[in-house]
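Participant: Sequence first, then the predicted structure, then my questions.
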Amino acid sequence: MRRTIYLILVLMTLVFSLGITSAISTSLKESYSPGETIITDISGNILAPIGSSNVLLEIKGHISVPIDFEVKKLGENYYIWFIAPEPADNYTLIIRDISTVVSGRVQEIDYEKNFSISGNLTDYSVKPGFISTNKSFQIKVQLNEDYNKQIDLKFVKVTNTTLKPGENTLEFPISEINESGLFNLSIGKYILPVYVQTDKKTIISETNATEIINLTNLTSDRNITSEEEEAIRQERLKLLCSDYPGKKCNADEVCSVEPYIVSDGPCCVYGECISKQEEGGSNAWIGYLIAAIVIIAGIFIWIRYKKIKAEKNPIKKVLSSEKKMP
């Protein structure tokens, strides 16, 4: 009987563990080369934003490893990129406190995926591993070899480039893209997700910046129609505050200018987060000035009234002067 109960408990634990594992997944491979750029998506029903504080890389023995990385939501999916450590060993990628649905219930779980670093130093790496932009952008490519290397590029059109030993900077325009969306950028062996934010009614010209409608700036030189403003508002609702980048003010703070409304709430893009008391104090002088004007006006009216009242009866004034005469 005890044996049966034990087996049931073990099976329930396994089923529960499988449910948690299947709730979140990544495309992380089993093995990478030292120094290689690792790019992976995070799939699953993610209910709350994932930030850099949620991501951790550990080596065996639960020792945290410092890495150059970034995590961001592009469109509807989350992505992580980081540069693989150079020491060959077994590592664990950990994403903590992911809010998701497990067996029909909202839970916070930790996702872990093991992978290994082995072999020689990778021939080249890219940085960053993904892009969210509304203008032309750059990708840094580090060639870890002593001779030039030619690689293929594909973004809107297919080209190629020659890398030189050390750091190379590649420029990518978006002038031929006229709608927002997620695109793939191929740089040799790497495929980078690129989320382009642009107004469908305006083709962004790299040579005529005055015609650009910047989604993070409505103060354009030309008038914006109500339809365009609504389209921009809808685009903002797809973004996080960190995508601009912007600042999330605390509960006791307000933005010094009107904040943008994005997917994770009000975002202070151009202003500064100031305390609510400071905001009230900045306008207090107006009230003091009005009060001072009212008081001065009251004193002036009272003096004038007293003077007019004293001169109101001239007969009494004449009689009073005659009594004083000898």
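Facilitator: Here it is on my side, so go on.
Participant: mind listing what the closest residue to Tyr32 other than its chain neighbours touches?
Facilitator: What sits nearest to Tyr32 in space, not counting adjacent residues and going by Cβ to Cβ, 6 or more residues apart in numbering, is Ala84, at 4.7 Å. For glycine as for every other residue, the C-beta is placed from the backbone atoms N, C-alpha and C. Ala84 sits next to 32-38, 117, 122 when contact means Cβ atoms under 8 Å, 6 or more residues apart in numbering.
Participant: Dihedrals phi and psi, Ala84?
Facilitator: phi -60, psi 140 (degrees, to the nearest 10).
Participant: any idea how far Thr159 is from it?
Facilitator: Counting by Cβ to Cβ, to the nearest Å, the gap from Ala84 to Thr159 is 27 Å.
Participant: Rebuild the contacts of Ala84 as JSON lines, extending it with neighbour count and distance to Asn77.
Facilitator: Converted to JSON lines, the contacts of Ala84 look like this (neighbours: other Cβ atoms under 10 Å; distance: Cβ to Cβ, whole Å):
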{"residue": "Tyr32", "neighbour count": "19", "distance to Asn77": "21"}
{"residue": "Ser33", "neighbour count": "17", "distance to Asn77": "25"}
{"residue": "Pro34", "neighbour count": "19", "distance to Asn77": "28"}
{"residue": "Gly35", "neighbour count": "18", "distance to Asn77": "26"}
{"residue": "Glu36", "neighbour count": "24", "distance to Asn77": "22"}
{"residue": "Thr37", "neighbour count": "23", "distance to Asn77": "18"}
{"residue": "Ile38", "neighbour count": "22", "distance to Asn77": "16"}
{"residue": "Ile117", "neighbour count": "20", "distance to Asn77": "25"}
{"residue": "Thr122", "neighbour count": "19", "distance to Asn77": "25"}
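Participant: Now compare those and name the two farthest from each other.
Facilitator: The largest distance within these, taken as Cβ to Cβ, falls between Thr37 and Ile117 and amounts to 12.8 Å.
Participant: What segments of this structure are helices?
Facilitator: For the chain, the helices defined by DSSP state H occupy 2-23, 226-236, 276-282, 284-310, 314-324.
Participant: and the ones you listed, which one is worst for confidence?
Facilitator: Among the helices of the chain, helix 2-23 has the lowest mean pLDDT, at a mean of 47.
Participant: who touches Lys73 in this structure?
Facilitator: Per Cβ under 8 Å, 6+ apart, neighbours of Lys73: 49-50, 79, 240, 243.
Participant: let's see it at 6 Å
Facilitator: Contacts for Lys73 (Cβ atoms under 6 Å, 6 or more residues apart in numbering) come out as Leu240.
Participant: Ok, Ser33 next?
Facilitator: Taking Cβ under 6 Å, 6+ apart, we find Ser33 in contact with 119, 122.
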